[in-house]
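> Fold the following.
(2 chains)
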Amino acid sequence: ILNVEQSPQSLHVQEGDSTNFTCSFPSSNFYALHWYRWETAKSPEALFVMTLNGDEKKKGQISATLNTKEGYSYLYIKGSQPEDSATYLCAFTGNQFYFGTGTSLTVIP
Amino acid sequence: DSGVTQTPKHLITATGQRVTLRCSPRSGDLSVYWYQQSLDQGLQFLIQYYNGEERAKGNILERFSAQQFPDLHSELNLSSLELGDSALYFCASSVATGGAAYEQYFGPGTRLTVT
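Next up, the predicted model:
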């Protein structure tokens, strides 16, 4: 069983704050790293898929970076809004899919 | 709405029984993935099918099996059910022409309760 770790486990920020989370994964047998946004009572929603070391992706105020050599990815949210409140999951893809336990973000208005 | 449909939405059954969960992928998607989310665990990958063929296998119990049909819909069969099988079962689909570096679109899930 492969370990994908996310930190912090939960985060409370004020509206307008910028924040970032970490996803750590094994640096061997890497194929892809996925980020998902998961709101309560809904299904996970794909944010990014990254495959190359040094990849950077951006969608609105959310961006992500990837370092496959050291086995981590950062997700950044610039100027958090209450609607950004959700759990952010990462998933490492090698020969199968391994999910982290997520970072729960609460943005306080 | 992701375009992935799952039926039924809820299922309550007794221990020892067998159930079938159904998933229809987004139009044009060839890959289907099954995941389990139990109360005390995160999202666990069960199995992936691509265009009718098994592509990758995760922590799927021997009591569980899946298949993908020619019309690309998939079914997950769970047999000899135990209390611990109670979970939310998600199906996801992607274009995935053989690889896993494509966005996955998740269905709404089937909530299975075993009593």
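
> which sections of chain B are below the confidence cut-off?
Low-confidence regions of chain B, defined here as pLDDT under 70, cover residues B:96-100.

> So which residues on chain A come close to chain B?
A:31-32, A:34, A:42-46, A:49, A:51, A:89, A:91, A:93, A:95-102 (CB under 8 Å from any CB of the partner chain). For glycine as for every other residue, the C-beta is placed from the backbone atoms N, C-alpha and C.

> repeat that with 10 Å
A:1, A:4, A:6, A:31-34, A:36, A:38, A:41-52, A:87, A:89, A:91, A:93-102 (CB under 10 Å from any CB of the partner chain).

> contacting residues around residue 76?
No chain was given, so I picked chain A. Each residue near residue A:76 by CB atoms under 10 Å, 6 or more residues apart in numbering or on different chains is listed here: A:18-21, A:56, A:58, A:61-65.

> hm, I was asking about chain B
Going by CB under 10 Å, 6+ apart, residue B:76 touches B:6, B:19-23, B:32, B:34-36, B:46-47, B:60, B:64-67, B:89, B:91, B:110, B:112.

> In terms of helices and strands, where is it?
Assigned by DSSP states H and E, residue B:76 belongs to strand B:74-78.

> Sheet partners, orientation included, of that strand?
As defined by DSSP bridges, the strand partners of strand B:74-78 come to strand B:19-24 (antiparallel), strand B:64-68 (antiparallel).

> how would you label the residue nearest the centre of chain B: helix, strand or coil?
If you average the C-alpha coordinates of chain B and look for the closest C-alpha using CA atoms, centre = their mean, you land on residue B:34, 3.0 Å from that point. The assignment at residue B:34 comes out as strand when based on DSSP: H, G, I helix; E, B strand; the rest coil.

> Quick check: nearest residue in space to it, chain neighbours excluded?
Once its chain neighbours are removed from consideration, residue B:34 has its nearest residue in residue B:46; the separation is 4.2 Å (CB to CB, 6 or more residues apart in numbering or on different chains).

> ok, back up a step: can you say which of the contacts of residue B:76 are buried?
B:6, B:19, B:21-23, B:32, B:34-36, B:46-47, B:60, B:64, B:66, B:89, B:91, B:110, B:112 (16 or more other CB atoms under 10 Å in any protein chain shown).

> Which stretches in the chain count as helices?
Let's take chain A. Per DSSP state H, chain A has no helices. Nothing in it meets that criterion.

> ah, no, chain B please
Here chain B has no helices by DSSP H.

> So which bits of it are right by chain A?
Proximity of chain B to chain A is assessed by CB under 10 Å from any CB, with B:1-2, B:4, B:6, B:33, B:35, B:37, B:41-48, B:55-59, B:88, B:90-92, B:94, B:99-109 identified as the residues in range.

> repeat that with 7 Å
Counting by CB under 7 Å from any CB of the partner chain, the residues of chain B close to chain A are B:2, B:42-43, B:45, B:56-58, B:90, B:100-109.

> Now do stretch A:84-100: distance to the chain's middle.
Centroid displacement of stretch A:84-100 relative to its chain, using CA atoms, centre = their mean, to the nearest Å, is 7 Å.
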